[in-house]
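[1] Pasting the sequence and the predicted coordinates here, then a few questions.
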Amino acid sequence: MTAMAQYNGANGGAESSRGADSKQVNILVVDDLPDKLLVYQTILEDLGQNLMTARSGEEALKLVLQHEFAVILLDVNMPGMDGFETASLIRKRKRSSHTPIIFLTAFTDEIRMAQGYASGAVDYLPTPVIPGVLKAKVRVFIELSQMRRQAALQAEEHARRTAAEEADRRKDEFLGMLAHELRNPLGPILNASQLLRRLGSKDRPLVQAGDIIERQVMHMTRLIDDLLDANRIARGKILLRKERCDLSQIVRQTAEDYASIFDASGLTLEIRKPATSFWVEGDPTRLAQAIGNLLHNAHKFTNPGGTVTVSMERSEDGQSVVTTVADTGIGIDSKILPSIFDVFRQAEQGLDRSRGGLGLGLALVKGLVELHEGEIHARSDGLSKGSRFSIHLPLEQAPAKVAETRAAEVPSAKATKCRVLVIEDNRDAAESASMLLSMEGYEVKTAYTGSDGLAAARAFQPQVVLCDIGLPGMDGYEVARVIREDVTMPSPYIIALTGYGRDEDRKQAHEAGFDQHLTKPIDYNNLRRTLAGVPLRA
């Protein structure tokens with residue numbers, strides 16, 4: 001018989017056919033007469049379902065304990081436990097309480113039919129059965145069972161997807177909060193290092209102490225940013241702000257930013273400037289981040305006295321620009337090379353972990369390059385033979401009037417000293433920022449809560465407000481909204497200083513009325529450049 005499992009009372013077991021399909025449903029036929037069972041099997045096998053048979057109520061109950069059935073065809077008159085009693089026991093079991101039962105009987109008087117319905121039957125079929133009628137009725141219950149199964153699968157999939165989305169949301173919230181909590185103390189530490197360097201400009205040990213603190217703060221900041229960015233890329237949540245940009249300028253500026261770090265480590269950084277500009281369609285900030293990660297990686301894995309070379313050239317087919325960062329460092333084992341861009345993948349290190357890192361930097365570079373429709377390749381001749389990383393990006397035509405565009409984007413280097421209000425609940429961060437700004441000639445006031453900040457803004461009439469987001473009580477978003485709505489206050493330039501650095505955080509800050517969003521810890525030189533370019537409205 002096709003797609004049929006038969007329960008045989010003689011051997012006491014269930015035998016499943018080899019051709020059973022996982023989409024099939026189970027049908028149980030219960031009758032004490034073997035010839036009638038054979039007739040039912042012959043009629044129902046064309047339905048292509050998994051058919052099981054039992055020759056007594058007891059055998060039927062055993063099968064009901066083991067399987068779920070789309071429908072049960074149950075003979076009324078059986079020796080021992082009759083069909084009514086069998087149906088009642090099936091109904092008492094929670095798992096089978098709603099299984100459709102069709103009684104098969106030669107007696108169809110009203111009293112027995114009423115007894116059958118009371119026992120849980122959904123229908124009666126007089127015997128001998130009409131094959132077409134039997135198949136039609138059974139087919140209805142097969143389709144209902146398949147629909148219920150499909151609905152259950154869809155509900156399960158929906159629940160699984162909802163749970164996964166909720167888990168992702170909670171993870172995003174946790175990582176965002178983790179970054180905020182880790183970045184918050186880094187701000188005053190970085191400010192204090194700047195103060196040490198300025199106040200002790202003639203005292204070499206103080207300057208060195210400031211340099212050490214600043215390097216370690218920036219290292220911690222990089223680890224936090226890499227962790228968050230790798231998670232965003234993996235979930236497709238990084239939004240690129242693409243524009244036509246000169247990649248040669250981005251590479252040159254990024255390499256020059258790293259020059260002092262290489263020099264302090266006893267490394268030679270060679271920047272081979274191309275003879276021409278290479279224009280690409282991309283996000284300048286993210287491209288600089290990718291190049292910076294490669295330089296950071298080369299710096300980390302090249303011993304003092306080594307050389308790191310940055311170069312650019314057009315590809316052989318002329319369709320892309322190839323940016324290469326090559327070093328004379330420790331090289332890459334051939335076993336590691338194929339998986340060098342995998343997340344958390346690192347070469348073996350000793351217990352001292354002198355090279356550090358989370359194994360996210362190269363994975364992050366690969367993700368950023370692929371978001372720009374590019375490729376990255378790694379090469380190494382083996383351990384102690386250096387490594388070479390090449391980024392391939394599609395070339396674009398140079399935009400018109402490049403010189404005019406660049407000139408318009410360059411802010412004035414000379415800052416106009418103005419009134420600055422710092423609203424920050426971390427007193428160390430507020431006071432250290434105030435000290436640095438005062439040393440630059442700015443007139444500075446500080447407030448430690450949102451409500452105090454608003455009162456100070458109305459009295460002090462600042463031209464620039466540096467406002468933390470995570471303030472107690474009234475948060476920074478509300479502070480910005482109130483300032484923007486207050487017609488008695490000249491509209492200041494409001495800058496968000498926050499440990500929340502996700503794209504959605506920047507969008508929310510802009511919607512609340514902030515003019516700019518800076519992520520903690522704030523590099524003071526970057527803040528100085530920002531203040532130099534602020535359009536004063538008062």
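    Thanks, I have it.
[2] Just the CA coordinates for stretch 23-40, please, in PDB.
    The C-alpha atoms that make up stretch 23-40 are tabulated as PDB, following Å, rounded to 0.1, in the frame of the first residue of the first chain:
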ATOM      1  CA  LYS A  23       3.900  16.700   4.800                       C
ATOM      2  CA  GLN A  24       1.500  13.700   5.000                       C
ATOM      3  CA  VAL A  25      -1.100  13.500   7.800                       C
ATOM      4  CA  ASN A  26      -2.000  10.400   9.900                       C
ATOM      5  CA  ILE A  27      -5.400   8.600   9.500                       C
ATOM      6  CA  LEU A  28      -6.500   5.900  12.000                       C
ATOM      7  CA  VAL A  29      -9.000   3.200  11.000                       C
ATOM      8  CA  VAL A  30     -10.300   1.100  13.900                       C
ATOM      9  CA  ASP A  31     -12.300  -2.100  13.200                       C
ATOM     10  CA  ASP A  32     -12.200  -5.600  14.600                       C
ATOM     11  CA  LEU A  33     -12.700  -7.300  11.200                       C
ATOM     12  CA  PRO A  34      -9.600  -7.700   9.000                       C
ATOM     13  CA  ASP A  35     -11.600  -7.800   5.700                       C
ATOM     14  CA  LYS A  36     -13.300  -4.500   6.500                       C
ATOM     15  CA  LEU A  37      -9.900  -2.900   7.300                       C
ATOM     16  CA  LEU A  38      -8.600  -4.100   4.000                       C
ATOM     17  CA  VAL A  39     -11.600  -2.500   2.200                       C
ATOM     18  CA  TYR A  40     -11.000   0.900   4.000                       C
END
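[3] So for it, mean pLDDT?
    On average, the pLDDT along stretch 23-40 is 90.
[4] same thing with stretch 278-291?
    Computed over stretch 278-291, the average pLDDT equals 89.
[5] so residue 182 makes contact with residue 220?
    Yes. The criterion here is CB atoms under 8 Å, and residue 182 meets it with residue 220 at 7.4 Å. (Each C-beta comes from the backbone N, C-alpha and C, glycine too.)
[6] Find residues that contact each of these two.
    Residues touching both residue 182 and residue 220 (CB atoms under 8 Å, 6 or more residues apart in numbering): there are none.
[7] Now do the domain split for the protein, please.
    Per automatic domain parsing, the domain ranges recorded for the chain read 6-129, 170-232, 241-403, 419-532.
[8] so which of the ones you listed comes closest to residue 157?
    domain 6-129 (16.1 Å; CB to CB).
[9] so how far is that closest one off the chain centroid?
    51 Å (CA atoms, centre = their mean, to the nearest Å).
[10] ranges for the strands of the stretch 51-200 of the chain?
    Secondary structure of the stretch 51-200 of the chain (DSSP state E, counting those that start in this stretch): strands at 71-75, 101-105, 123-126.
[11] Of the domains of the chain, flag the one that's most buried.
    Looking across these with neighbours counted as mean count of other CB atoms under 10 Å, the highest average goes to domain 419-532: a mean of 19.
[12] what's the span of that one, first residue to last?
    In domain 419-532, first residue to last residue: 13 Å (CA to CA, to the nearest Å).
[13] One more: stretch 87-104?
    End-to-end distance for stretch 87-104, by CA to CA: 12 Å.
[14] Tell me where the longest helix sits in the protein.
    For the chain, the longest helix by residue count, based on DSSP state H, is helix 131-199.
[15] wouldn't residue 468 be in contact with residue 421 here?
    No. Using CB under 8 Å, residue 468 makes no contact with residue 421, being 11.8 Å away.
[16] Give me the phi and psi angles of the nearest residue to residue 302 once chain neighbours are set aside.
    Nearest non-adjacent residue to residue 302, counting by CB to CB, 6 or more residues apart in numbering: residue 329, 3.5 Å away. Here is the backbone geometry of residue 329 (degrees, to the nearest 10): phi -80, psi -150.
[17] same thing with residue 447?
    Taking degrees, to the nearest 10, you get phi -140, psi 150 for the backbone angles of residue 447.
[18] can I assume it is in contact with residue 456?
    Yes. Counting by CB under 8 Å, residue 447 does reach residue 456; the two are 4.6 Å apart.
[19] which neighbours do those two share?
    Here residue 447 and residue 456 have 421, 423 as joint contacts, going by CB under 8 Å, 6+ apart.
[20] sorry, back to before: including distance to residue 48, could the strands of the stretch 51-200 of the chain go into a markdown table?
    Compiled in a markdown table, those are given as follows (distance: least, CB to CB, whole Å):
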| stretch | distance to residue 48 |
| --- | --- |
| strand 71-75 | 15 |
| strand 101-105 | 19 |
| strand 123-126 | 21 |
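[21] May I have the beta-bridge partners of residue 312?
    Applying DSSP bridges to residue 312 gives these bridge partners: residue 323.
[22] tell me the contacts of it?
    247-248, 251, 272, 274, 278, 321-324.
[23] rerun that using 6 Å as the cut-off
    248, 274, 323 (CB atoms under 6 Å, 6 or more residues apart in numbering).
[24] quick one: pLDDT of the last one?
    Read it as residue 323. Value for residue 323, per-residue pLDDT: 95.
[25] Residue 237 too?
    61.
[26] before we move on, what about residue 402?
    For residue 402, the model assigns a pLDDT of 50.
[27] again, but for residue 1
    36.
[28] before we move on, what about the one 4 residues further on?
    According to the per-residue confidence, residue 5 scores 43 in pLDDT.
[29] Please apply the same query to residue 20.
    In this model, residue 20 is scored at 43, pLDDT.
[30] do the same with residue 383
    Predicted confidence (pLDDT) for residue 383: 88.
[31] next one: phi and psi at it?
    phi -60, psi 140.
[32] how about the residue lying closest to it once chain neighbours are set aside, what does it touch?
    Of all residues not flanking residue 383 in the chain, residue 331 sits nearest, at 4.7 Å (CB to CB, 6+ apart). Taking CB under 6 Å, 6+ apart as the criterion, residue 331 is in contact with 380, 382-387.
[33] how about the closest residue to residue 417 other than its chain neighbours, secondary structure?
    Residue nearest to residue 417 in three dimensions, not counting chain neighbours: residue 441, with 4.4 Å by CB to CB, 6+ apart. Put simply, residue 441 is coil when judged by DSSP: H, G, I helix; E, B strand; the rest coil.
[34] Poorly predicted segments of the stretch 1-150 of the chain, please.
    Low-confidence segments of the stretch 1-150 of the chain (pLDDT under 70): 1-22, 107-113, 115-116, 120.
[35] Repeat that for the stretch 151-300 of the chain.
    Counting by pLDDT under 70, the stretch 151-300 of the chain contains low-confidence ranges at 172, 175-176, 179-180, 200-201, 215, 219, 222-223, 225-239.
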